[in-house]
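Student: structure for the following, please:
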Amino acid sequence: MNVIVGDIGGTKSRLAILSTKAGPRKYLFKKTYSSLSFDSIESILNKFTNESNLDIEHACFGVAGPVVDGRARITNLPWVIDALKLQNKFDWKSVRLLNDLEAVAYSIIALKKEDLCTIQKGDPDIGENIAVISPGTGLGQAFITRNDDANVVNASEGSHASFGPTNTLQDGLLKYLREKNGNEHVSVEMVCSGKFGIPNIYEYLKNIGYGEEPKWLAEELAGGKDPAPIIINIAKDQKRKNKLCTGTLDLFVSILGSEAGNLALKVLSTGGIYLGGGIPSKLLDDLKKPIFIENLKNKGRFKKLLEKIPIHVILAENAGLIGAAVYLFEDILDR
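Tutor: A predicted model of the protein is given here:
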């Protein structure tokens, strides 16, 4: 039996076809598409299924947005995905939708040692809660709890909760964004993501005169579609290193650390903190610096608890696909 799984994000959409006989990591056909090049998931699936020319019976998609009654409005795309409509259009037996971070969380049980980079070894409480936080285009969060002997994956939209500054520089960032947005709500995602967070931090630091923006940098940012990778690459380039870019990256990493610690305390994730998404795997050296760990642990009386929690970065690029497959295989077997 062949199934299709997908990781549908604001920037990229990854799709794969697997056989239920081969397990959740062996693909018969796999492709990645630019989400912005299509007007709907249906148009991507039309292209993908025509290219694969394989029969499909079931489908599961991890999507960047909340899933309610089998429907999802993609947070950073003008798409609405409806499971029943997809099932009928493509004549599949079933279609399941997961929040994209639910899918990443499901992948954890299928990840191998080489799929992870350990930032803090800690003292894992095996079988206990796990937190998952994933900065990419947006900021995703999820967590895993235990129910008897089963893992239960829980979706979350915690990244849309209010940003809470932890120092004077971050106080200024909040004030800057509130004024910029007409005193509207400033979420954690607005300061801790690729599409919003990194550009917002950069513009804030530029606004307060933290560093100079040379002409070559202004031109490079103006000529690029996405400023986040440009800023990250320059911050990590020893030859072109720029104070605005390095300051942006440092502030981003410190906020990510603080939010990861917040999530760990909220769900009591003594089983571990897992960082997914497209950004952490590119920042391994930065995440190993005190600026990340110290901000994560800076929670007053609970610092000692956070020192014991293992912290891992997910290196597997296809974690969302793996998790969607794990969920779908379990769903099929349970019928």
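Student: quick one, helices of the stretch 101-250 of the chain?
Tutor: 168-180, 197-207, 215-223, 227-236, 243-267 (DSSP state H, counting those that start in this stretch).
Student: and of the ones you listed, who's closest to residue 55?
Tutor: Of all the helices of the stretch 101-250 of the chain, the one in closest proximity to residue 55, counting by Cβ to Cβ, is helix 227-236 (38.1 Å). For every residue, glycine as well, the C-beta is placed using N, CA and C.
Student: hang on, the earlier thing: of the helices of the stretch 101-250 of the chain, which approaches residue 117 most closely?
Tutor: Nearest to residue 117, of those and by Cβ to Cβ, is helix 243-267 at 14.6 Å.
Student: which strands or helices does the very next helix or strand once past that closest one pack on?
Tutor: For helix 243-267, the succeeding helix or strand toward the C-terminus, using DSSP states H and E, is strand 272-275. Where contact means 3 or more Cβ pairs under 8 Å, 6 or more residues apart in numbering; DSSP states H and E, strand 272-275 is packed against strand 130-135, helix 243-267, strand 311-314.
Student: dump the helices of the stretch 101-250 of the chain into CSV; add mean neighbour count, mean pLDDT and distance to residue 147 as well.
Tutor: Compiled in CSV, these are given as follows (neighbours: other Cβ atoms under 10 Å; pLDDT from 0 to 100; distance: least, Cβ to Cβ, whole Å):
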stretch, mean neighbour count, mean pLDDT, distance to residue 147
helix 168-180, 16, 97, 37
helix 197-207, 22, 98, 34
helix 215-223, 12, 94, 48
helix 227-236, 20, 96, 38
helix 243-267, 23, 97, 14
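Student: and the ones you listed as JSON lines, adding distance to residue 13?
Tutor: Output for these, formatted as JSON lines (distance: least, Cβ to Cβ, whole Å):
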{"stretch": "helix 168-180", "distance to residue 13": "29"}
{"stretch": "helix 197-207", "distance to residue 13": "22"}
{"stretch": "helix 215-223", "distance to residue 13": "25"}
{"stretch": "helix 227-236", "distance to residue 13": "18"}
{"stretch": "helix 243-267", "distance to residue 13": "25"}
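Student: thinking again about what came up before, between the helices and strands packed on strand 272-275, which gets nearest to residue 59?
Tutor: strand 130-135 (22.2 Å).
Student: direction included, what does the closest one pair up with?
Tutor: strand 139-147 (antiparallel), strand 272-275 (parallel) (DSSP bridges).
Student: tell me which of those strands sits most buried.
Tutor: Ranked by mean neighbour count, the strands paired with strand 130-135 are led by strand 272-275 with a mean of 26 (mean count of other Cβ atoms under 10 Å).
Student: next structured bit after that strand?
Tutor: helix 284-287.
Student: right, and the helix or strand after that following helix?
Tutor: On the C-terminal side of helix 284-287, the nearest following helix or strand under DSSP H and E is helix 290-297.
Student: could you check the angle that following helix makes with helix 168-180?
Tutor: 80 degrees (axes from the mean of the first three to the mean of the last three Cα atoms, to 10 degrees).
Student: buried sites along helix 290-297?
Tutor: For helix 290-297, a neighbour-count test (16 or more other Cβ atoms under 10 Å) marks 291, 292, 293, 295, 296, 297 as buried.
Student: over to stretch 100-120?
Tutor: 100-108, 110-111, 115-117, 119-120.
Student: residues contacting the most far-flung residue of the chain relative to its centre?
Tutor: The C-alpha centroid of the chain is most remote from residue 215, which lies 32.4 Å away (Cα atoms, centre = their mean). Listed by Cβ atoms under 8 Å, 6 or more residues apart in numbering, residue 215 has no contact partners.
Student: can you tell me how far it is from residue 222?
Tutor: Shown here: residue 215 relative to residue 222, a distance of 10 Å by Cβ to Cβ, to the nearest Å.
Student: residue 183 now?
Tutor: Computed as Cβ to Cβ, the residue 183 to residue 222 distance reads 29 Å.
Student: any stretches of this structure with poor pLDDT?
Tutor: Residue ranges of the chain with pLDDT under 70: 125-127, 333-335.
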